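In: after the sequence you'll find the predicted model.
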Amino acid sequence: MAAQIIFHGINRSPAVETAVNEKLAALTKFDNQLGPCKVTVTQEGHQTMGAFTIRIDLPVAGRNLIVTRTNQDVMAAINEAFDTIRRGVVEEADKRRQR
C-alpha cells in the first residue's frame, strides 16, 4: 500500500517518499486492514532554513488517526511521526482482538 504524499514548501524527494512507504509497509505487520494513508511533508519558512512538519492521516478500524511531528531534520520528523502512529495502530489492533 503506497501513501499519498503531499509536499508543501519543499521539493518532492524520492528519499522521503521511500522512507514514508517503507514505514507504512511496516505498519501492516500490526494491522493489515489499514485505510488509505495521507502524509503531508511541510517545510516551514524559507526552503533549506525551516523545520519540517510531518502530518499522517491514517484510517484504522473506523477511526482516523492523525499525528503531527516537527523537527529540524525531515527524517527524524518522519521517524517520530511513524513511531507515534505505530502505537495507535497497535492499540486499535489489540482492541479488535479483545472483542
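Out: Thanks, I have the structure now. Numbering: from 1, shown residues only.
In: in the longest helix seen in the chain, what counts as buried?
Out: Ranked by residue count and defined by DSSP state H, the top helix of the chain is helix 74-98. Going by neighbour count (16 or more other CB atoms under 10 Å), the buried part of helix 74-98 is 74, 77-82, 85-86, 88-89, 92-93. Where C-beta positions appear, they are placed from N, C-alpha and C, glycine not excepted.
In: turn these into a markdown table, including pLDDT and distance to I5.
Out: Putting the buried residues of helix 74-98 into a markdown table (pLDDT from 0 to 100; distance: CB to CB, whole Å) gives the following:
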| residue | pLDDT | distance to I5 |
| --- | --- | --- |
| V74 | 94 | 12 |
| A77 | 97 | 13 |
| I78 | 97 | 11 |
| N79 | 98 | 16 |
| E80 | 98 | 17 |
| A81 | 98 | 12 |
| F82 | 97 | 13 |
| I85 | 96 | 14 |
| R86 | 95 | 18 |
| G88 | 92 | 19 |
| V89 | 93 | 18 |
| E92 | 87 | 23 |
| A93 | 84 | 24 |
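In: need the max-distance pair from those.
Out: V74 and A93 (28.1 Å; CB to CB).
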